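Enquirer: No sequence on hand, only this structure:
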C-alpha cells in the first residue's frame, strides 16, 4: 500500500526526502450580496420544491389508489359471485333432496310421519351452515313439514306468498325472493332471501313448493371476511328486478328495491352481466365506486360498493406521509442554511488552521522518516559488525582448534605427554564452544531481524527424525542414555526448511543430553493432530527446570546451567534460536518441565504446512 501522504509529500521512494508543502492559494471571499442571494434562492427552494413534490405525490397517490380500489372491487365481486353461485346451487340441491324424500308420500302420509320427516330434514341441513331454514307447503299453501319447527301449524295458509303464486301460476322450477321473518334462534324479525322450488306430482299437477332460506349470518360472515371494513364497503345481492335480497352491513328492514335513477338499476335493466360504476368527481359526500356481476344463470346480481369518503380518507393518510417528508425536508434545508451562514464566517479561519496542521503533519512525517532511516542504518551497521566480528574471530579460533587437535593427537599417542592431555583438551573444547557461540549469535541476530531466509520445500519428517537419531547416537551412547524415536499414526509431509527443522531437533536433543543423568531416557516422538498439525516432542527423564527458571530459558544468554557438566554449560542461545526458527514456520514452541521429573518440549507446525499421506501406524527406531 502506498504512503497515505504521498500526494502531499511527493515521495518517489521509501528513502527519499519529503517535498516541501506548497502554500495554499489565498482565500477569496464572495461578496456578502452573493451569499445572501444564494440563501434567498435556497429558501425559495425550501418552500417551492417540497410543495411541488407534495402536489405531484398526492396526485400520483390518488390515481394509484383509485386504480387499486377499482381492481380490488372487480376481483372481490367476482369472488362474491362465485360464492353466491355455490350457495344457490347448495340450496337448489337441498330443495331437490327434500322433494325426492317426499315425492313417494301423499300429503296425508307426510302429515302422519311429520316427526320422522322433520328429523330427516334436520339431518340433511345439519352440516350446511348457510341454510337458515327449510320447509314444505302443500298445494293450498299450508305447511306440511319443517326442518326447524315441529309440529308445524297446518291451519295457516301461505298461498299469498310471492314465490308460491309465481311457481303455481307459471309452472317454473326455481324462484328467488326476499322476505322479513322471525328468527328461530333470536326470536326477532330479520331479513332473509329464499330459494323456492315447485313440487309436482306424477301426473304433473302442482303439489306445492319447497322453500330453503339462506342465513343472513352466513352472508354477513362471508362479506366481512371478503371486505372487512363495514364503514368503507357495502355489498348486496339483488334480483334482476332491482330488489335487494341481502345486504352487508345488514339491517332489520324488509326487502327494498333500487330507485329507477340509481345507475346500478340502469345497468341491471340494460342486461349488463358485469361492470364498474364510478362517480364523476368522487369528492361529493354520496359519491361511490360500484362493481357488479351477474350470478351465473340465476336472475341474481352481486354488487360491491366503496364510498368515496373512505377513498379520500385513505388518500389523506397516504398524503400525510408525503407531508411528513416535506416537513422534514423543509426543516433540514433551514438547518442547512443556518449551517451555511455559520460556516461562511468561519471558513477563512478553518482554512488557515488546516494549512498549519498540514505543515505540522509534514514536519512530523519528515522526522519520522528520518528516524526510520536511522533505525535501518543502525540495524544494518549491527548486522555488518556481527558479520565482521564473526569472520575475524572464526579465523584464529579455527587455527586454535586445528593446532589443539594436532597437539591432542601427539599428547594422546603412545609416546605422548600425559601431563598436558587435560590442558590441551580444555583448549580444544573451549575453542569449539566459542566458535559455536559466535555461530549462534549470528544466526539469532539474523532471525530476529527477519533476514533469516528459509529454504522451503516439502520433505519427509520421518527422514529428519532418522537423521537426528543417527547424528546423536554417539553422544547418547557416551552419556549412557537411551534414545527412543517414535512416529505415531499417519505422519504427513511437512513444508519448510528441512535443515533448520533438523537443527531445531538436534538442539533440543542436545539440551536433554546435558540435563539427563546416566541411565535416563530421551524420547523423540512425532504425531499428527487434526486440530493442530504436526506435533514433535522431545522429552527426557532428566533434572527438569525449576518453575522460577521456565521464563528465563527462552531469553538469550539466560540458559540454566547443568550440574552434570561443569565445563560446557552451553551458549544460552539454543532455545531462543529454536523458538525463532519455529515461529518463522508459523508454528509455536511449548515447554513443560518439573524439577527432578524431566522436561518436555513440543514443536507444533500448523496444518497449513502439512500434506497428509498414509504411513504405517507406528514405527520404533529406538537404540
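Expert: Looks like it arrived, so ask away. Keep in mind that what you see is a predicted model, and the values were worked out from it rather than measured.

Enquirer: gap between residue 358 and residue 368?
Expert: 15 Å (Cβ to Cβ, to the nearest Å). The way it works is simple: take the backbone N, C-alpha and C, and place the C-beta from them, glycine included.

Enquirer: neighbour-wise, which of these two wins?
Expert: Between residue 358 and residue 368, counted using other Cβ atoms under 10 Å, the more crowded position is residue 358 (14 against 10).

Enquirer: how deep is the nearest residue to residue 313 once chain neighbours are set aside tucked in, by neighbour count?
Expert: Excluding its sequence neighbours, the residue lying closest to residue 313 (Cβ to Cβ, 6 or more residues apart in numbering) is residue 232, at 8.0 Å. By the criterion of other Cβ under 10 Å, residue 232 has 16 neighbours.

Enquirer: can you pull the contacts of residue 232?
Expert: 306, 307, 310, 313 (Cβ atoms under 8 Å, 6 or more residues apart in numbering).

Enquirer: you'd agree the last one is in a strand?
Expert: Looking back up the chat, that one is residue 313. No: counting by DSSP: H, G, I helix; E, B strand; the rest coil, residue 313 falls outside a strand, being helix.

Enquirer: Report how many residues lie close to it.
Expert: The burial count for residue 313: 12, using other Cβ under 10 Å.

Enquirer: Please report how far it lies from residue 235.
Expert: 19 Å.

Enquirer: Next: the second one.
Expert: Between residue 307 and residue 235 the distance is 12 Å, computed by Cβ to Cβ.

Enquirer: So for these two, which residue has more residues nearby?
Expert: Between residue 307 and residue 235, counting by other Cβ under 10 Å, residue 235 is the more crowded of the two (25 against 18).

Enquirer: what's near enough to touch the more buried one?
Expert: 80, 223, 226, 227, 247, 248, 302, 303, 304, 305.

Enquirer: With neighbour count added, can I get those residues in JSON lines?
Expert: Listed next are those as JSON lines, based on neighbours: other Cβ atoms under 10 Å:
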{"residue": "80", "neighbour count": "26"}
{"residue": "223", "neighbour count": "26"}
{"residue": "226", "neighbour count": "16"}
{"residue": "227", "neighbour count": "21"}
{"residue": "247", "neighbour count": "22"}
{"residue": "248", "neighbour count": "23"}
{"residue": "302", "neighbour count": "27"}
{"residue": "303", "neighbour count": "24"}
{"residue": "304", "neighbour count": "28"}
{"residue": "305", "neighbour count": "20"}
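
Enquirer: among these, which are in helices?
Expert: In helices, judged by DSSP state H, the following of the contacts of residue 235 are found: 80, 223, 226, 227.

Enquirer: Name the nearest residue to the last one, ignoring sequence neighbours.
Expert: Nearest in space to residue 227, with sequence neighbours left out and distances taken as Cβ to Cβ, 6+ apart, is residue 233 at 4.0 Å.

Enquirer: my guess is the one you found contacts residue 306, does it?
Expert: Yes: if you go by Cβ atoms under 8 Å, residue 233 and residue 306 touch, sitting 5.4 Å apart.

Enquirer: Phi first, then psi, for residue 209.
Expert: phi -140, psi 160 (degrees, to the nearest 10).

Enquirer: I'd say it and residue 138 touch.
Expert: No: look at residue 209 against residue 138 with Cβ under 8 Å: they stay out of range, at 9.1 Å.

Enquirer: Now for residue 111: which residues touch it?
Expert: By Cβ under 8 Å, 6+ apart, the neighbours of residue 111 are 144, 154.

Enquirer: Now for it, which secondary structure element holds it?
Expert: Residue 111 belongs to helix 107-112 when assigned by DSSP states H and E.

Enquirer: what comes up buried for that helix?
Expert: 107, 110, 111 (16 or more other Cβ atoms under 10 Å).

Enquirer: Mind listing what's buried along whichever helix or strand comes after that helix?
Expert: Once the chain leaves helix 107-112, the next helix or strand it forms, by DSSP H and E, is helix 114-124. Buried positions in helix 114-124, judged by neighbour count with 16+ other Cβ under 10 Å: 114, 117, 118, 120, 121, 124.

Enquirer: just stretch 57-64 next, same as before
Expert: Under 16+ other Cβ under 10 Å, the buried positions of stretch 57-64 are 57, 58, 61, 62.

Enquirer: do you know how far the second one is from residue 67?
Expert: Put plainly, it is residue 58. Applying Cβ to Cβ to residue 58 and residue 67 gives a distance of 15 Å.

Enquirer: repeat for residue 207
Expert: The value you get for residue 207 to residue 67, if Cβ to Cβ is used, is 54 Å.

Enquirer: quick one: which of the two has more around it?
Expert: More neighbours surround residue 207 than the other of residue 207 and residue 67, with 22 against 10 (other Cβ under 10 Å).

Enquirer: residues touching that one, list them.
Expert: 107, 138, 139, 199, 200, 201.

Enquirer: Show me the strands in the stretch 351-500 of the chain, by range?
Expert: 456-459, 482-488, 493-497 (DSSP state E, counting those that start in this stretch).

Enquirer: what about stretch 249-261, average pLDDT?
Expert: Mean per-residue pLDDT for stretch 249-261: 65.

Enquirer: end-to-end on it?
Expert: 23 Å (Cα to Cα, to the nearest Å).

Enquirer: Please apply the same query to stretch 538-546.
Expert: 18 Å.

Enquirer: Just name the closest of the buried residues of helix 114-124 to residue 550, please.
Expert: residue 124 (95.7 Å; Cβ to Cβ).

Enquirer: Got the confidence number for the closest one?
Expert: Residue 124 is given a pLDDT of 84.

Enquirer: Would you confirm that it contacts residue 94?
Expert: Yes: Residue 124 lies in contact with residue 94 (Cβ under 8 Å); the separation is 6.6 Å.

Enquirer: Report the separation between residue 593 and residue 549.
Expert: 9 Å.

Enquirer: Check residue 453 too.
Expert: 33 Å.

Enquirer: neighbour count winner among these two?
Expert: residue 549 (14 against 9).

Enquirer: so what's the backbone phi/psi at that one?
Expert: Here residue 549 shows phi and psi, under degrees, to the nearest 10, equal to phi -100, psi 0.

Enquirer: Same check on residue 275?
Expert: Torsion angles, degrees, to the nearest 10, at residue 275: phi 180, psi 180.

Enquirer: Next: residue 193.
Expert: Per degrees, to the nearest 10, the backbone of residue 193 is at phi -130, psi 150.

Enquirer: Quick check: it touching residue 178?
Expert: Yes: taking contacts as Cβ under 8 Å, residue 193 lies within contact range of residue 178: 4.4 Å.

Enquirer: Angles on the backbone of residue 59, please.
Expert: Dihedral angles (degrees, to the nearest 10) for residue 59: phi -70, psi -50.

Enquirer: distance of it from residue 360?
Expert: 58 Å.

Enquirer: cool, residue 546 as well?
Expert: Distance from residue 546 to residue 360, by Cβ to Cβ: 54 Å.

Enquirer: do the same with residue 119
Expert: 105 Å.

Enquirer: Helices of the stretch 351-500 of the chain, start to end?
Expert: Under the criterion DSSP state H, counting those that start in this stretch, the stretch 351-500 of the chain contains helices at 421-448, 461-471, 473-478, 498-514.

Enquirer: which one of the ones you listed has the lowest average pLDDT?
Expert: It's helix 421-448: among the helices of the stretch 351-500 of the chain, that one has the lowest mean pLDDT, namely a mean of 63.

Enquirer: which residues does the residue nearest to residue 532 when sequence neighbours are not counted bridge with?
Expert: Residue nearest to residue 532 in three dimensions, not counting chain neighbours: residue 604, with 5.6 Å by Cβ to Cβ, 6+ apart. When bridges are called by DSSP bridges, residue 604 pairs up with residue 535, residue 588.

Enquirer: how deep is residue 604 tucked in, by neighbour count?
Expert: Residue 604: 17 neighbours (other Cβ under 10 Å).
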